[in-house]
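>>> Fold the following, please.
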Amino acid sequence: MDAHEEGRNINDRNRNFYQRSVYVLRNFIRYQNPTMANVMFDIKASRPQYDRLNAVISKQNMLFYLAATAVHVTGFMYMSYFFRYRRVGFLPVLALSTAYFNAFESINNILYKTLVDKHVLAESRQLGLEAHAQPSGTRKNRGFNFI
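Coordinates of the predicted model:
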């Protein structure tokens, strides 16, 4: 039985699109982590296991957002200081924005893996859920009918 079937998720039976969208918005932090999504959809874990994983992912996500904000604000301030009196044409601006975009993505991936994913994986292994532990950015083979 899959997550979208009513037998698995009976609380979703009489909800409209707006109510389902609000649910996804409130739980997006849990859906974006592959290990947490595996635990939520592949097995029926106990309530204390969910609570411990939710506590770890909530705390570590807050640290991730604070660290990412600090790193990017500092980087942007440094670039603003460095380019303060320079006349920069269109092509250099395009090159700088492309470089900053790639750096932004790489920095966020590194921060997420070290601040969030590492702790969620350790906690899931400690709880005996190592079969469902999946590092961020990796694929897990699934059936054709998986959402």
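
>>> use CA for all of it now, contacts and neighbours both
OK.

>>> What's the mean pLDDT across the longest helix along the chain?
The longest helix of the chain (DSSP state H) is helix 47-82. For helix 47-82, mean pLDDT rounds to 92.

>>> contact partners of the helix or strand just after it?
Sequence-wise, the next helix or strand downstream of helix 47-82 (DSSP states H and E) is helix 90-112. Helix 90-112 is contacted by residues Phe64, Ala67, Ala68, His72 when judged by C-alpha atoms under 8 Å, 6 or more residues apart in numbering.

>>> So which other helices or strands are in contact with the longest helix of the chain?
Contacts defined by 3 or more C-alpha pairs under 8 Å, 6 or more residues apart in numbering; DSSP states H and E place helix 47-82 against helix 28-31, helix 90-112, helix 118-126.

>>> Go through the longest one and flag the buried ones.
By 16 or more other C-alpha atoms under 10 Å, the buried positions in helix 90-112 come out as Tyr100, Asn108, Leu111, Tyr112.

>>> ok, now stretch 128-137?
In stretch 128-137, counting by 16+ other C-alpha under 10 Å, buried: Leu129, His132, Ala133, Gln134, Pro135, Ser136.

>>> Sort out for me which of the residues you listed are in helices.
Reading helices off these, I find no matches (DSSP H).

>>> Provide a list of residues in contact with Lys113.
Lys113 neighbours (C-alpha under 8 Å, 6+ apart): Ser136.

>>> any idea which residue sits dead centre in this structure?
Centroid-nearest residue in the chain: Gln32, 3.7 Å away (criterion: C-alpha atoms, centre = their mean).

>>> in the longest helix of the chain, what counts as buried?
By 16+ other C-alpha under 10 Å, the buried positions in helix 47-82 come out as 49-50, 53-54, 56-57, 60-61, 63-64, 67-68, 71-72.
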